[in-house]
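Novice: Sharing a sequence plus its predicted fold:
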Amino acid sequence: MSSERTEVQVRPGVERDLEALTDIYNHYVRETSITFDTVVFTPQERRPWLLSHPEDGPHRLMVATDADTKEILGYATSSPYRAKPAYETSVETTIYLAPHAGRRGIGTLLYKALFEALAGEDVHRAYAGIAQPNEASTRLHERFGFRYVGTYREVGRKFGRYWDVAWYEKDLP
């Protein structure tokens with residue numbers, strides 16, 4: 001490893017992170033099929049999303065920052081899987097990294113912190129939908145014990161074409 005490697009810290013997300021988190025997410029809205037949102041958000045529009053991830057409970061927001069500059073490098077969330085009450089012990093997890101922050105192990109650090117935070121919660125299973133193709137995300141999820149359960153074919157349309165989403169699940173202790 002290079003001596004120039006940035007030290008990364010992971011912590012719960014807070015309201016002052018909102019602008020940077022919105023910027024990261026908007027990159028994926030504009031440039032990729034990773035999210036099926038098609039219109040960018042303002043920080044004010046994303047505020048309810050941020051507030052739905054408190055520092056405790058099953059719906060968490062973990063943020064990775066550069067230890068020196070405090071720049072936000074990415075985030076991971078656990079969010080409600082579906083709105084119906086019987087789903088309350090299931091979460092959907094996701095990770096978004098700043099465009100320049102990939103391939104540095106930050107996703108691994110974020111998921112490690114997220115699953116550690118969820119360990120004491122009443123959560124039975126985590127789900128992840130991965131728009132295809134996305135080998136890096138597939139490898140990350142499999143490394144954390146997610147197993148493939150099926151693909152929704154051509155479930156989303158973005159950039160003038162249809163995209164498949166592969167679904168993965170993970171048992172939580």
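Specialist: Alright, I've got the coordinates.
Novice: residue ranges of the helices in the chain, please?
Specialist: Using DSSP state H, the helices found in the chain span residues 18-31, 43-51, 106-118, 135-143.
Novice: most tightly surrounded among the ones you listed?
Specialist: Ranked by mean neighbour count under mean count of other CB atoms under 10 Å, the helices of the chain are led by helix 106-118, which reaches a mean of 20. Yep, even glycine has a C-beta here, placed from its N, CA and C like the rest.
Novice: Any idea which of the helices of the chain gets closest to S79?
Specialist: helix 43-51 (8.5 Å; CB to CB).
Novice: Alpha carbons of the closest one, as CSV, please.
Specialist: Provided in CSV are the C-alpha atoms of helix 43-51 (Å, rounded to 0.1, in the frame of the first residue of the first chain):
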residue,chain,number,x,y,z
PRO,A,43,-30.4,19.3,-0.8
GLN,A,44,-33.7,20.5,0.5
GLU,A,45,-35.5,17.9,-1.5
ARG,A,46,-33.2,15.2,-0.1
ARG,A,47,-33.6,16.4,3.5
PRO,A,48,-36.5,14.0,4.3
TRP,A,49,-34.4,11.1,3.1
LEU,A,50,-31.6,12.1,5.4
LEU,A,51,-33.9,12.6,8.4
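Novice: average pLDDT across that helix?
Specialist: Taken as a whole, helix 43-51 has a mean pLDDT of 97.
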